[in-house]
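J.: The following comprises the amino acid sequence and a computationally predicted model.
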Amino acid sequence: MSIFRGAGVAIVTPMKDNYEVNYDALETNINYQIDNGTDCIVITGTTGESATLTEQEHVDVIKAAIEFTRHRIPVIAGTGSNSTQTAIELSKEADAAGADGLLVVTPYYNKATQKGLIAHYTAIANAVKAPVVMYNVPSRTGCNLMPATVAELVKNVDNIVGIKDATGNLAQAARMMYLCDGNLELYSGEDGQVLPLLSIGGIGVISVLSNIAPRQTHDMVMEYLEGDQEKARQIQLSATPLIDALFSEVNPIPVKAAMNMMGMQAGPLRGPLCEMEDAHREVLRQEMVRFGLLK
């Protein structure tokens, strides 16, 4: 049984003006997501600025998300690191806290070989009981999980169950699904390519867009999975200019700007990220108006 089907939100970590984590806002944002149809909370991922959280903050934010969600929908915790041991420690903490799944990004900067990736993921998965979703985003990590590597891991490690694919390479994703022979839970990591990945066997998205448009993102996926491909297509295409605006600067700069425009208390960004350029912000605002998120 899959961890979730539909739209999981790659939720931001809201900050106070002094850059401390804003737990009150996190609880409010989680409730907003659940009230608007989101199928899973994905905490401490890229969008959650996990790279700027201390290890203790990382654990505390995961625990808070699990507490605030109160078992209404699953919580997947981002626990990846470029250190295998650190990833094991974070994964064990999240597992013990009750996370429904773990999202483990490929080790960044180190540029591990495929053999090294197999050892890395196997060691992490063997240290926990929770199901593991691999996260492949080569544009950020400089490291690409190849289809044969994914297939070997899924075949040989029982609790490696899925992948968040943010390669933008549909041909690679199709070969991966072929080699896994239906034994892989595929989630899109690209808001602009949700339907293409659903068409080759995907079951959902882990979404930045969901932070500001949870209902629409959920509906797009579920309409497709339930057979109304035309309605799903209309949502995907109509969201395209907004998605482009959300990635006009590095994530999560634009989505935090968008949330703050909507009064959602995302707060500032921790360095080295900085606030959005005024010209890009205006385009984002206009697209939010067009999509019905602002007046």
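T.: Cool, the structure landed. Numbers count the residues shown, from 1 in each chain.
J.: Kindly provide the distance from Tyr121 to Met276.
T.: According to CB to CB, to the nearest Å, Tyr121 stands 35 Å off from Met276. Bear in mind the C-beta positions are built from the backbone N, C-alpha and C, glycine included.
J.: Give me the more crowded residue out of these two.
T.: Tyr121 (26 against 21; other CB atoms under 10 Å).
J.: I'd guessed that one sits against Asn159; true?
T.: No - judged on CB atoms under 8 Å, Tyr121 makes no contact with Asn159 at a distance of 10.4 Å.
J.: Overlap in contacts, those two.
T.: Residues touching both Tyr121 and Asn159 (CB atoms under 8 Å, 6 or more residues apart in numbering): Val132.
J.: Give the full set of residues in contact with Val132.
T.: 91, 101-102, 104, 121, 124-125, 157, 159-162 are the contacts of Val132 under CB under 8 Å, 6+ apart.
J.: what's Pro187 in contact with, if anything?
T.: No Pro there; residue 187 is Tyr. 8, 133, 162-165, 197, 202-206.
J.: export these to a markdown table and tack on pLDDT, distance to Glu49 and secondary structure?
T.: Formatted as a markdown table, the contacts of Tyr187 follow (pLDDT from 0 to 100; distance: CB to CB, whole Å; DSSP: H, G, I helix; E, B strand; the rest coil):
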| residue | pLDDT | distance to Glu49 | secondary structure |
| --- | --- | --- | --- |
| Gly8 | 98 | 17 | strand |
| Val133 | 98 | 19 | strand |
| Gly162 | 98 | 23 | strand |
| Ile163 | 98 | 22 | strand |
| Lys164 | 98 | 17 | strand |
| Asp165 | 98 | 22 | strand |
| Leu197 | 98 | 25 | helix |
| Gly202 | 98 | 26 | coil |
| Ile203 | 98 | 27 | coil |
| Gly204 | 98 | 23 | strand |
| Val205 | 98 | 20 | strand |
| Ile206 | 98 | 16 | strand |
